[in-house]
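[1] kindly generate the corresponding structure for this input.
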Amino acid sequence: MTETLIKMRSLCRFYEMGDQIVKALDSVDLNFNRNEYVSIMGPSGSGKSTLMNIIGCLDTPSSGSYELNGQRVSEMDDDELARIRNSEIGFVFQTFNLLPRLNCLRNVELPLIYAGVNAEERYDRALAALDRVGLGDRVNHKPSELSGGQIQRVAIARALINNPSLILADEPTGNLDTSTSKDIMSIFSELSDAGNTIILITHEEEIAKYTRRSISLRDGTIERDTQ
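    Below is the predicted model of the structure:
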């Protein structure tokens, strides 16, 4: 039986720009099922970044509802949203967002520090996550000592560390060459095959082809949703 992880109904996000109201998202209805592998595409201004920010609990809708894993996220305050981000969502960003002074292991451990996990368990879980992305032999290296692809692998390991309900990847290959991009996408495919739910934001058709479902946005509405 298919289990719904995300449910959005009549989701709107409006911004005031002087005397004008910009409709970044306009009455969006979407479901994402557990274990889905989805790409969200669209030109600049289509609303894909706004949708990503709402899915990732970095922003809240102007109206409509958003439920994540049975929790009514659209009605939560900032503290509750922060808790959801740390416990339910693993983020992978185009710019990696690693701390340059920390080695790989310490970077991957960070979400567990915020969650109050003890040092021994943090070490074991971070090591296992780095092993999972093929970097078990790089735990003591700092980001400056790694290639771009290896840095993104560390970021993916960090995203996995809390066993999140959802991995949200924003242009994860945007700063990588074609060959390295293929390596990173193969990791996402492996994670999807292992049962992880992945939503990937991209402007590249070639990257979207790796996913099993593709959603295209235009002018704040869903233009296409194909599987």
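[2] okay, CA-based contacts and neighbour counts for the rest of this
    Fine.
[3] same for the longest helix along the chain, what does it pack against?
    Secondary structure of the chain per DSSP state H: the longest helix is helix 178-193. Under the contact definition 3 or more C-alpha pairs under 8 Å, 6 or more residues apart in numbering; DSSP states H and E, helix 178-193 sits against helix 148-160.
[4] show me where the chain has strands.
    4-17, 20-33, 37-41, 63-68, 71-72, 89-93, 166-170, 198-201, 213-218, 221-226 (DSSP state E).
[5] related to what we said a few turns ago, between strand 37-41 and the longest helix of the chain, find me the angle.
    Angle, helix 178-193 to strand 37-41, by axes from the mean of the first three to the mean of the last three C-alpha atoms, to 10 degrees: 130 degrees.
[6] between helix 178-193 and helix 148-160, how many degrees?
    Computed by the same axes, to 10 degrees, the angle between helix 178-193 and helix 148-160 is 20 degrees.
[7] would you mark the buried spots in helix 178-193?
    By neighbour count on 16 or more other C-alpha atoms under 10 Å, the buried set for helix 178-193 is Thr180, Ser181, Lys182, Ile184, Met185, Ile187, Phe188, Ser189, Leu191, Ser192.
[8] mean confidence (pLDDT) on that helix, please.
    The pLDDT scores in helix 178-193 average 92.
[9] over to stretch 34-46?
    Here the average pLDDT along stretch 34-46 is 92.
[10] for Gly47, what are its contacts?
    Ala24, Leu25, Leu217, Arg218, Asp219, Gly220, Thr221 (C-alpha atoms under 8 Å, 6 or more residues apart in numbering).
[11] identify the bridge partners of the residue nearest to the spatial centre of the chain.
    Geometric centre of the chain, nearest residue: Leu168, 1.1 Å, by C-alpha atoms, centre = their mean. Beta-bridge pairing of Leu168 under DSSP bridges involves Phe91, Ile199.
[12] hang on, isn't it packed against Val92?
    Yes - the pair Leu168 and Val92 qualifies as a contact (C-alpha atoms under 8 Å) at a distance of 6.2 Å.
[13] distance of Arg158 from Met8?
    Arg158 sits 27 Å away from Met8, going by C-alpha to C-alpha, to the nearest Å.
[14] of those two, who's got more company?
    It is Arg158, of Arg158 and Met8, that has more neighbours when counted by other C-alpha atoms under 10 Å, with 27 against 19.
[15] quick one: pLDDT of that one?
    94.
[16] same check, this time on Glu223
    With respect to pLDDT, Glu223 scores 94.
[17] same check on Gly174?
    For Gly174, the predicted pLDDT is 87.
[18] go on, Ile207?
    91.
[19] picking up where we left off before, now for the strands of the chain, which one comes closest to Tyr123?
    Taking C-alpha to C-alpha, strand 89-93 is the member of the strands of the chain nearest to Tyr123, at 18.2 Å.
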